[in-house]
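**Q** Provide a 3D model corresponding to the input given below.
(one chain, ligands or ions: 3)
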Amino acid sequence: MTRVQDRSLRIAVLGAGVVGTEVIRSLVTQEGDLSARVGSGLELIGVAVRDTSAPRDSVIDPALLTSDAGSLVDRADLVVELMGGLEPARTLILRAFAAGASVVTANKALVAAHGPELYEAAEAAGADLYFEAAVAGAIPVVRALRESLAGDEISRVLGIVNGTTNYILDEMTTAGLAFDVALGQAQELGYAEADPTADVEGHDAAAKAAIIASLAFHTRIPLSAVACEGISAVTKEDVAAAAESGHVIKLLAIVENTAGGVQARVHPALVPTGHPLAGVHGAFNAVFVESESAGELMFYGRGAGGRPTASAVLGDVVAAARHRVHGGLAPAESAYAGLAAAPSADALTRLQIRLYVADRPGVLAQVASVVAKHGVSIEAVRQSDTAQASQRDAAELIIITHRARQADLDATVADLAELDSVTEVASVLRVIGI
Ligand SMILES: NC(=O)C1=CN([C@@H]2O[C@H](COP(=O)(O)OP(=O)(O)OC[C@H]3O[C@@H](n4cnc5c(N)ncnc54)[C@H](O)[C@@H]3O)[C@@H](O)[C@H]2O)C=CC1
Ligand SMILES: N[C@@H](CC=O)C(=O)O
Ligand code: NA
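**A** Ligands and ions are numbered 1, 2, ... in the order given. This is a model prediction of the structure:
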């Protein structure tokens, strides 16, 4: 790594969207403080954009704009990648390392898909790779897992790590907003990914889960090992049924070190209203860490939005810049444990199964016997007289199971759907306890 002592540190920003603009604002307006914290001048040498003539926030000096990201990278000591997407972000970051620069990125999709390659390139260059903003926005959870908890044994991490979906579910629950309206608002507020499918279908949370699991368990956990279900199937009837039983619906990321290997999954779940995660509103995120010595830790804060995310990016910029000036390196990849990824079929969970059934005697007994056949036991069952049920000339049955293997629960649901008395399996959602 080239140490910089006699001149300002040259910073290149790639991408001037929601996050990039706020990072540039801080670099410009807080230049004095940031330089003092680093112990060196910081010079923003350029901003790579797609279209240099597009209108932009006045904090961005038009003279800094370039559409030639590659040449900009070649001149930098520190590259801040805020374009998103896999390419050209990956190639530009590898080019930065090849030129000896350090890299700060907020790109969870890229880190989850190509983390090992990026770590290797950083190590070969003797440069830093930082990505605090990639997981849970402003919340310093990457640093906590990578550094603060490096001496502990983490057993489980559970959290709300996608601001957009939390915002949508919260608006559906508290304001009765329609899904699409809430999504539109999340986009307006700068929470959503460029393609919001990544948020809604759980892919963004799955990338974060893969990063969290890799850091927590010192093991490479690829994105393909994360079982992923989004919130597009969650209806207002599900929200109402959840409320009736004292729950709210949240999109959760859960990673656990089990006897069978690392379980990593993302799915919507019913959370009891008394659970701390139930009180996480809007685009806020929360991450619970359970570890051997520290016990339970909870991290809470803004998981999305330009300014909060810029805070995490700037923290990484200062850390990487300090290394340039005073020496030192970010932690390298830690994957020595090499744990296996456990099949999602073996995950232990509880389900809420919402069924429309024929309103006649004996149906409940039939349903109960199918559930019992798979070794699953029922914790609670209730009949709900909703308008949807009477429109269908059916009864709505809501079953909550005890904990069972995912595979047995899936088989139970498949068999229930086959019963003559079951007209529709309206929804299947996991349930977590207090
Ligand atoms: N918005 C948020 O709340 C958060 C975003 N992130 C991550 O930060 C990154 C940036 O996100 P946003 O600022 O929200 O996205 P954005 O879509 O607002 O900004 C990205 C910018 O990069 C530009 N860009 C894309 N490809 C380019 C290329 N080849 N050359 C030059 N410019 C290019 C786009 O034109 C756009 O202006 C993404 O990786 C995202 O996942 C992370 C945490 C929170
Ligand atoms: N789209 C993401 C942005 C932050 O990572 C989200 O909604 O959480
Ligand atoms: Na973070």
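
**Q** give me the nearest residue to residue 426, chain neighbours excluded.
**A** residue 354 (4.4 Å; Cβ to Cβ, 6 or more residues apart in numbering). Bear in mind the C-beta positions are built from the backbone N, C-alpha and C, glycine included.

**Q** now do the host helix or strand of the one you found: distance to the chain's middle.
**A** Using DSSP states H and E, the element containing residue 354 is strand 348-357. Chain-centre distance of strand 348-357: 25 Å, with Cα atoms, centre = their mean, to the nearest Å.

**Q** also stretch 90-103?
**A** 25 Å.

**Q** now stretch 149-163
**A** The answer for stretch 149-163 is 12 Å, by Cα atoms, centre = their mean.

**Q** for this structure, list the residues in contact with ligand 1, please.
**A** Applying Cβ under 6 Å from any ligand atom, one finds that the chain approaches ligand 1 through 15-20, 48-50, 69, 82-84, 88, 106-108, 133, 137, 190-191, 193-194, 304-305, 309.

**Q** ranges for the strands of the stretch 201-350 of the chain?
**A** Counting by DSSP state E, counting those that start in this stretch, the stretch 201-350 of the chain has strands at residues 227-228, 247-258, 261-272, 284-291, 295-302, 348-357.

**Q** if you count neighbours, what's buried in stretch 231-245?
**A** Residues of stretch 231-245 classed as buried: 231, 234, 237, 238, 239, 241, 242, 245 (neighbour count, 16 or more other Cβ atoms under 10 Å).

**Q** close to ligand 2, is that stretch?
**A** No: figure legend: stretch 231-245 not in contact with ligand 2 (Cβ under 6 Å from any ligand atom); closest approach 11.7 Å.

**Q** do me a favour and get the end-to-end distance for that stretch?
**A** By Cα to Cα, to the nearest Å, the extent of stretch 231-245 from end to end equals 20 Å.

**Q** mind listing what the residue nearest to residue 426 touches?
**A** By Cβ atoms under 8 Å, 6 or more residues apart in numbering, the residues touching residue 354 are 237, 238, 241, 396, 397, 398, 425, 426, 427, 428, 429.

**Q** ok, those residues vs ligand 3, which is closest?
**A** residue 429 (27.5 Å; Cβ to the ion).

**Q** what is the strand or helix carrying that closest one packed up against?
**A** Per DSSP H and E, residue 429 falls inside strand 422-431. Contact analysis of strand 422-431 by 3 or more Cβ pairs under 8 Å, 6 or more residues apart in numbering; DSSP states H and E lists helix 236-244, strand 261-272, strand 348-357, helix 406-418 as its packing neighbours.

**Q** out of those, nearest to ligand 3?
**A** Among the helices and strands packed on strand 422-431, strand 261-272 comes nearest to ligand 3, with 17.0 Å by Cβ to the ion.

**Q** next, the angle helix 236-244 makes with that closest one.
**A** Angle of strand 261-272 versus helix 236-244, following axes from the mean of the first three to the mean of the last three Cα atoms, to 10 degrees, is 80 degrees.

**Q** for strand 261-272, what does the pLDDT average out to?
**A** For strand 261-272, mean pLDDT rounds to 98.

**Q** that strand and ligand 2 in contact?
**A** No: Strand 261-272 lies out of reach of ligand 2 by Cβ under 6 Å from any ligand atom, never closer than 12.1 Å.

**Q** equivalent analysis for stretch 127-142, please.
**A** Yes: interface with ligand 2: stretch 127-142 contributes residue 137 (Cβ under 6 Å from any ligand atom).
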